[in-house]
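Colleague: structure for this input, please:
(3 chains, ligands or ions: 2)
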Amino acid sequence: MSDGAHHTPSTSQYWKIALGLAVITALEVSLYYIDNALELGVLNAAMLIGLSLLKFVVVVGWFMHLRFEKPSLSRFFTGGFILAISLYAVVLGFMAAAVLRS
Amino acid sequence: MTTTTERPGVVEEAPPTTTIYRRPKSTEGFWGWVTTTDHKKIGIMYGYAAFFFFIVGGVEALLLRIHLASANSEFLTAGAYNALFSMHGATMIFLFVMPASAAFVNYLLPLMIGARDVAFPRLNALSWWAFLFGGIFMYSALFFGTGLAPTGVENVVGNLAEGGRPGGLNFLADMPDGGWFLYQPNAGPDFSPGTGIDFALLGIQILGVASLVAAVNFIVTIFNFRAKGMRLLRMPVFVWMTMVTQFLLLFSLPIIAIALFMATFDRNFGAMFFDATGGGDPILWQHLFWLFGHPEVYILVLPAMGMVSEVLPVFSRKPLFGYSAVIFAGAAIGFLGFGVWAHHMFATGISPVAQAAFGLSTMTIAIPTGIKIFNWMGTMWMGKLRFSTPLLFAIGFVAMFVIGGLSGVTHSIVPSDWQQTDTYYIVAHFHYVLFGGSVFGLFAGIYYWFPKISGRMLGEGLGKVHFWLMFIGFNLTFGPMHWLGLQGMVRRTWKYDPATGLEPWNIAVTVGAFIIALSIAVFIYNWWSSRRRGAPSGLDPWDARTVEWTVPNPTPVYNFATTPVITRLDDFWHRKYTTDDEGRAVRRPEADQMIADLEYDGRNPKTEIHLPAPSYFPLLLASGMPFIGWGIIWHTTTWGLGMVVLGVLLIVSGGIGWALEPLEEAHEEDHPHDEADEDEETHETEGASDVGRASESADTTEPVETS
Amino acid sequence: MTDLAHEGDVTAEDHHDEHESLGMDARKLGMWVFLSSEFLFFGALMTNYLLYSNRPGLADPYPGTIYDIPFTSVSSFVLLMSSLTMVLAHAALERDDQHQTRTWLFATAALGSIFLGGQVFEFYEFITHDGMTLTTSPVASAFYVLTGFHGLHVAIGILMLLSLWGIGHSQGALSDKRGFNVELVGLYWHFVDIIWIVIFTVVYLLSTS
Ligand code: HEM
Ligand SMILES: [Cu+2]
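Modeller: Ligands and ions are numbered 1, 2, ... in the order given. Model (predicted):
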């Protein structure tokens, strides 16, 4: 059932989005090899995380249509996401600190 | 799965008309209850089951108290003692307070928002059955579990060191014995080699599925099924607190699910998560457990807070003081509740920064809690109080909860907590919040809403006896635990030395426990006799404020003959009362007539009302879960693997039948059923209830829901 | 599990206008609410992995040393493309092209199965060839349980896709009006995909050395 105004992408747009996703994946994999050669360290991590977040957002926004839904849906969803990230970041932080101290 | 029945030939022309299993028709009698999707029936079943487990947990507590009444007691073996306190805690939390709250939410939530049912009635039935099977699964440890002692430790089970006395109810030691929080590595494979713990791990897992499904269901119900005009800020506080609770469940259950899985893998499949010898970290368990565990304590108390917030205004004959403040405080508690978990871990050597941070965040929880307390007092202040039983319990709640909250704040001061942790002082704290809080709140709700399920009043005289016995018994039981703890009586101690001088207060505590038991006996008698002989309640026995009281008692199956339209907060009250020049409430002259009309109209719906149809599949699907659990425990044997397969088959066939089952006989107008047809179906359903045969009786044609 | 059926029609669909509501399909709302809780589920599993993968002194091999990145890149790509076929199935359904809907559903299930097969192969290699099992070390346990639970989600997804495909075949028409429908399964499927997007980056690409 479609509720509200739908401006969901057309079939050809879906193909293009998928192409984009594929390109990002290729980029990620190549970054991985570049890093093996050049030891980019944090920069590499930042780029990889950035790229995967980009894929994440594209899939959620377009394939799952979240962009075209009522804002309350994204609130639930991002709420869960942010809660998870923050809670587990604290746990990891504390536990890593405990290992360092010992 | 291959059970799908294809009907060659009819495929293209007709809309989907096949259901692979027969659908139940009867809404009466035994099968009516088993297959029901009615939120009221489900609520009632939740309620009775929860109360049953309350009795079980209570008997366990009495055994513990008999044991502890004397120093160096020999009444229970150490193994039995460990299993009893563990199962007492787990039972009270997971099998009593949570499902009892679920009972109220089920019954009241749709009524309070003016809906005819919850969003997903079959999922609702699934929650209930999964809960029931989860509880049965946990207690099946009594028959199938083994409480072995770790290798190298002798006689821990049934500590026979002194004289080797067998007995001591040692058979109870087969139940889970790792405490309700199952700390690792104590509850891990090395220190608890028996299967007892697995029953707790997997049982709580099943219960978690039940609660998670319910959380999704209730959240959607609240967001999507409110009657016209029932804006969010017109919802009763109970609904608000339910909503906060369901979000807490939604986000905390997945965490405990993972923790339980990790421990299950450690114990059954040799994973190393918490195995310190291999580099695993037992503290990780505590983080994950309390990430869930602290929100859990609010899951236990917020519904009771909601009930009390409904009861106090009615019996003070005043609106709730600071409605939006109460709601905001509830939401704030829910939110902050996720940020304080490590206060359970002050003694585990977490860093000073963590201690300071979590000490502070814990203290801030006292602020919204305090706001609520003041709002409740403000509600009663200058009210025309009617001291009926619900009000007594509500006041008991507020008073006891204040004491529990204050002792909670004393644990948030870290150095002080180091003295208190793992002593009876903690036991006192959480009983003041859980028993003094949640349980008193639940009883306030039971006395207040009893007419809704029965059409009768729960006896006032016995109710007051119940209250006072429970109030006195409660304080005699848990009050002295504060000083026992401060004098150094260790929590979870099987024996204490007579030289410590702790015995006299322990005797008092045990006496208190029996007074509570007596009060419960009074309550049971009161319930039982009021069910049959209680005074008829009429539609509005308490002069109530909220819409659930605008329908006849007991509630008709369809709830509302015509769905209500809400124009303001406390809508029902404003339909009965107006204010005079001085702002006092005056009953409108037409109020009595309006109530009589509601009574009549509520029983005589003008249009035909379609209700969600009953279904077997929730039960079928849920019944697979315990089999998978047993199968995991005995996965090294062939029949254990067989159990897993059986469980998966039950779940998958339940799921497939569910997906294919027409949603309901909706739009029945187009396909009138004739009576004879229905009768025939009713008979057949008896046979089809048997799972094996159900899948053969495939060809029933049903009217379908597609528009 | 397979169904977030929108029942109780009486209370919602028939009288939509009479209700205060978010004004969206209840099943869909329910699915989103459920998925938002799955972040906490997979988050806890990732936390385990991250915690232990940085812990020195565990028994060898660390998963990070034995990943076959080219292989996993391909299977990740396959799963990513299954999201494409999934949206194509849904788009076809919105055009009421039943035939294409079924085809794309089947394609999605097939791609999912390829991914799952790849995972089985990967596990097999790790166990027999590299000698890393569930019981090797906490980080090995974390790896298997994390990717295993993801695989279980994929398997459930495949089961649901095939059921839809079967319903489409036996009953002629699929429709988003059914309780159990393409849109819901699609949401679930994409979610499982985004979880893998994160796992692929964080677990495979970032923790390999
Ligand atoms: C003002 C509010 C509260 C504060 C500041 C507070 C604080 C604390 C702290 C710091 C502990 C840990 C003590 C220790 O183990 O050393 C604790 C334990 C506990 N609290 Fe609270 N609490 C509050 C309200 C509640 C509520 C509302 C409930 C339940 C309805 C509750 C239930 C428990 C339970 C069950 C434990 C013991 C857990 C265990 O170790 O088994 N508390 N509380
Ligand atoms: Cu706490």
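Colleague: show me the contacts for whichever residue of chain A sits closest to chain B.
Modeller: Ranked by Cβ to the nearest Cβ, the top residue of chain A for proximity to chain B is A:V91, at 4.8 Å. Heads up, the C-betas are built off the backbone N, CA and C, glycines and all. Each residue near A:V91 by Cβ atoms under 8 Å, 6 or more residues apart in numbering or on different chains is listed here: B:284, B:287-288, B:291, C:47.
Colleague: cool, C:L162 as well?
Modeller: So C:L162 contacts C:106, C:109 (Cβ under 8 Å, 6+ apart).
Colleague: what helix or strand does it sit in?
Modeller: Secondary structure assignment for C:L162, by DSSP states H and E: helix C:138-171.
Colleague: and that helix, average pLDDT?
Modeller: Averaged over helix C:138-171, pLDDT sits at 93.
Colleague: give the buried residues for that helix.
Modeller: Neighbour-count burial for helix C:138-171 flags C:138-151, C:153-154, C:156-168, C:170-171 (criterion: 16 or more other Cβ atoms under 10 Å in any protein chain shown).
Colleague: low-scoring stretches of chain A, by residue?
Modeller: For chain A, the stretches with pLDDT under 70 are A:1-7, A:100-102.
Colleague: care to break it down by domain?
Modeller: A:1-69, A:70-102 (automatic domain parsing).
Colleague: near chain B, which residues of chain A?
Modeller: Contacts of chain A with chain B, taken as Cβ under 8 Å from any Cβ of the partner chain, map to A:72, A:80, A:83, A:87, A:91, A:94-95, A:97-98, A:101.
Colleague: one more time with 10 Å
Modeller: A:1, A:72, A:76, A:79-80, A:83-84, A:86-88, A:90-95, A:97-102 (Cβ under 10 Å from any Cβ of the partner chain).
Colleague: would you mind listing which of these are buried?
Modeller: A:76, A:80, A:83-84, A:87-88, A:90-92, A:94-95, A:98.
Colleague: residues near C:P70, how many?
Modeller: 9 (other Cβ atoms under 10 Å in any protein chain shown).
Colleague: what about the closest residue to it other than its chain neighbours, distance to ligand 1?
Modeller: Nearest residue to C:P70, sequence neighbours excluded (Cβ to Cβ, 6 or more residues apart in numbering or on different chains): A:V29, at 8.0 Å. Applying Cβ to the nearest ligand atom, to the nearest Å, the value for A:V29 to ligand 1 is 47 Å.
Colleague: could you measure from B:M235 over to chain A?
Modeller: Between B:M235 and chain A the distance is 16 Å, computed by Cβ to the nearest Cβ, to the nearest Å.
Colleague: for that residue, what are its contacts?
Modeller: Residues in contact with B:M235 (Cβ atoms under 10 Å, 6 or more residues apart in numbering or on different chains) are B:109, B:112-113, B:222, B:226, B:242-243, B:323, B:327, B:546, B:566, B:569, C:20.
Colleague: what of B:Q355?
Modeller: B:Q355 touches B:342-343, B:345-346, B:349, B:414-415, B:417-418, counting by Cβ under 10 Å, 6+ apart.
Colleague: that one: which element?
Modeller: Here B:Q355 is assigned to helix B:352-380, by DSSP H and E.
Colleague: and that helix, which residues are buried?
Modeller: By neighbour count with 16+ other Cβ under 10 Å, helix B:352-380 contains the buried residues B:354-355, B:357-359, B:361-362, B:365-366, B:368-369, B:371-376, B:378-380.
Colleague: next: stretch B:531-541.
Modeller: So stretch B:531-541, judged by 16+ other Cβ under 10 Å, has buried residues B:534, B:537, B:539-541.
Colleague: in TSV, list those along with pLDDT, distance to B:V105 and secondary structure.
Modeller: Listed next are those as TSV, based on pLDDT from 0 to 100; distance: Cβ to Cβ, whole Å; DSSP: H, G, I helix; E, B strand; the rest coil:
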residue	pLDDT	distance to B:V105	secondary structure
B:G534	93	24	coil
B:S537	91	22	coil
B:L539	93	23	coil
B:D540	93	22	coil
B:P541	94	22	coil
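Colleague: quick check: mean pLDDT of the longest helix that chain B contains?
Modeller: The helix that spans the most residues within chain B, counting by DSSP state H, is helix B:282-316. Averaging pLDDT along helix B:282-316 gives 96.
Colleague: tell me what the next helix-or-strand element following that helix is packed against?
Modeller: Using DSSP H and E, the next helix or strand after helix B:282-316 towards the C-terminus is helix B:323-336. When contacts are defined as 3 or more Cβ pairs under 10 Å, 6 or more residues apart in numbering or on different chains; DSSP states H and E, helix B:323-336 sits against helix B:237-269, helix B:282-316, helix B:352-380.
Colleague: okay if I get the ones you listed as TSV plus distance to C:G131?
Modeller: As requested, the helices and strands packed on helix B:323-336 are exported to TSV (distance: least, Cβ to Cβ, whole Å):
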stretch	distance to C:G131
helix B:237-269	17
helix B:282-316	25
helix B:352-380	38
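Colleague: who wins for proximity to B:A499 among these?
Modeller: The closest of the helices and strands packed on helix B:323-336 to B:A499 is helix B:282-316. By Cβ to Cβ, the value is 33.5 Å.
Colleague: still on that earlier bit, could you dump the domains of chain A to TSV with distance to B:T35?
Modeller: Output for those, formatted as TSV (distance: least, Cβ to Cβ, whole Å):
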stretch	distance to B:T35
domain A:1-69	28
domain A:70-102	32
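Colleague: B:P614 is nearest to which of those?
Modeller: Counting by Cβ to Cβ, B:P614 lies closest to domain A:1-69 out of those; the figure is 25.2 Å.
Colleague: just give the nearest non-adjacent residue to the residue in chain C that chain A sits nearest to, would you?
Modeller: Nearest residue of chain C to chain A (Cβ to the nearest Cβ) works out as C:S36 at 3.1 Å. Distances taken as Cβ to Cβ, 6+ apart place A:G80 nearest to C:S36, at 3.1 Å, with adjacent residues excluded.
Colleague: confirm that that neighbour sits in a helix.
Modeller: Yes. Assessed by DSSP: H, G, I helix; E, B strand; the rest coil, A:G80 belongs to a helix.
Colleague: residues contacting it?
Modeller: A:G80 sits next to B:247, B:250-251, B:254, C:32-41, C:43 when contact means Cβ under 10 Å, 6+ apart.
Colleague: helices of the chain, start to end?
Modeller: No chain in the question, so chain A it is. For chain A, applying DSSP H gives helices covering A:11-38, A:42-58, A:71-101.
Colleague: ah, I was thinking of chain C
Modeller: Counting by DSSP H, the helices of chain C are C:26-53, C:69-94, C:98-124, C:138-171, C:182-199.
Colleague: sec struct for B:Y558, please.
Modeller: coil.
Colleague: likewise for the one 10 residues further on?
Modeller: Secondary structure state of B:R568, per three-state DSSP, is coil.
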